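Asks: This is a predicted model, with the sequence first.
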Amino acid sequence: MTAADQRRKTDTQAWRPFVLRRPRSWLPEIAMAAAFTAITIPLAWPSALIDLDIWIRDLSDANRPDWANFIAIQTNRLGQGGLLGGIALGIAAILAWRGRNVRPLIAFLAAYAMAGAVLALKYTLPRVYPHWPEASNPPYADAAQAVLFSGLEPSGAYPSGHVLNTIIWYGFIVFLVGTRWHPALRRAFLILPPIIVTFSTTYLGFHWFTDTPAGLCIGIVILRTVQRIPWDTVELPLWLEPERRYR
């Protein structure tokens, strides 16, 4: 194969990230930050939001037959960050190898770093899980124990990492390869996993109800941040793009 043929083959395999409309306004991020703050502040004392969390937990516990419990556990796996991140990494690696282009991997590393940084919030805003102290041994956390900064361990419920993962990783997979997908498939991939995992993780008592919109807000901010960067055209250092030396 000649050099010209190789260049043509590489061009046909060039990575084009899918962005329906590249974010320009910061208003959605500001709105998400405001919503996250509005949810977080009332969780610092036994407020009406805490009462709502406890009511939803107790209602779910009282209405969870074995078949529904099984389905909820299986669907909750849709939010496993390790699995989703591994799939996203594999897709990014294949795209990078086929196109001789490191950009998909750099985009993945940026998304991974931002998703991982959310762990700092779990330590900054400690909260016990709905079935504290033991999932199989009620009574569980009451209003005074379910607040942020209770000092009880183990904590780490807030915000929901599973829900956050569904926004970031399903959205990132669409970002990587969505240009070749049917619009209906893209919409299903972006919308269904967050809805399903929001329900299942709350229904199972893995998270308080208010943990889930907090995860959604942060996930949207991270995904939009990734989408803002024109990864397919942004200039990289020469050591990451050695072919530029010969253009």
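Replies: Right, received. Where do you want to start?
Asks: Going by C-alpha atoms from here, please, whenever you check contacts or count neighbours.
Replies: Fine.
Asks: Tell me how far Leu204 lies from Tyr158.
Replies: According to CA to CA, to the nearest Å, Leu204 stands 16 Å off from Tyr158.
Asks: got it, and Gly215?
Replies: For Gly215 relative to Tyr158 (CA to CA), the value is 8 Å.
Asks: For Leu204 and Tyr158, indicate the residue with more neighbours.
Replies: The neighbour comparison of Leu204 against Tyr158 (other CA atoms under 10 Å) goes to Tyr158, with 25 against 21.
Asks: thinking that one is in contact with Pro213, fair?
Replies: No - taking contacts as CA atoms under 8 Å, Tyr158 lies outside contact range of Pro213: 10.1 Å.
Asks: just checking, what's the longest helix in the protein?
Replies: helix 183-203 (DSSP state H).
Asks: List the buried residues of it.
Replies: Buried residues in helix 183-203, counting neighbours by 16 or more other CA atoms under 10 Å, are found at 186, 189-190, 193-194, 196-203.
Asks: Please convert those to TSV, extending it with distance to Pro17 and pLDDT.
Replies: As requested, the buried residues of helix 183-203 are arranged in TSV below (distance: CA to CA, whole Å; pLDDT from 0 to 100):
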residue	distance to Pro17	pLDDT
Arg186	13	94
Phe189	16	93
Leu190	15	94
Pro193	21	97
Pro194	22	97
Ile196	26	97
Val197	26	98
Thr198	27	97
Phe199	30	97
Ser200	31	98
Thr201	31	97
Thr202	33	98
Tyr203	35	98
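Asks: can I get the residues you listed in a markdown table with distance to Trp169?
Replies: Putting the buried residues of helix 183-203 into a markdown table (distance: CA to CA, whole Å) gives the following:
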| residue | distance to Trp169 |
| --- | --- |
| Arg186 | 13 |
| Phe189 | 10 |
| Leu190 | 9 |
| Pro193 | 10 |
| Pro194 | 11 |
| Ile196 | 15 |
| Val197 | 13 |
| Thr198 | 15 |
| Phe199 | 18 |
| Ser200 | 18 |
| Thr201 | 17 |
| Thr202 | 20 |
| Tyr203 | 22 |
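Asks: and which of the residues you listed is nearest to Thr37?
Replies: Sorting the buried residues of helix 183-203 by how near they are to Thr37, with CA to CA, puts Thr198 at the top with 19.2 Å.
Asks: what about that closest one, distance to Ala31?
Replies: Taking CA to CA as the measure, Thr198 falls 20 Å from Ala31.
Asks: buried sites along stretch 210-227?
Replies: Buried residues in stretch 210-227, counted by 16+ other CA under 10 Å: 210-227.
Asks: Among these, which lie within strands?
Replies: Among those, no residue falls in strands (DSSP state E).
Asks: Among those residues, which lie within helices?
Replies: Using DSSP H, the buried residues of stretch 210-227 in helices are 211-227.
Asks: helices and strands around the strand or helix carrying Leu83, which ones?
Replies: Assigning secondary structure by DSSP states H and E places Leu83 in helix 81-99. With contacts taken as 3 or more CA pairs under 8 Å, 6 or more residues apart in numbering; DSSP states H and E, helix 81-99 sits against helix 3-12, helix 103-117, helix 161-177.
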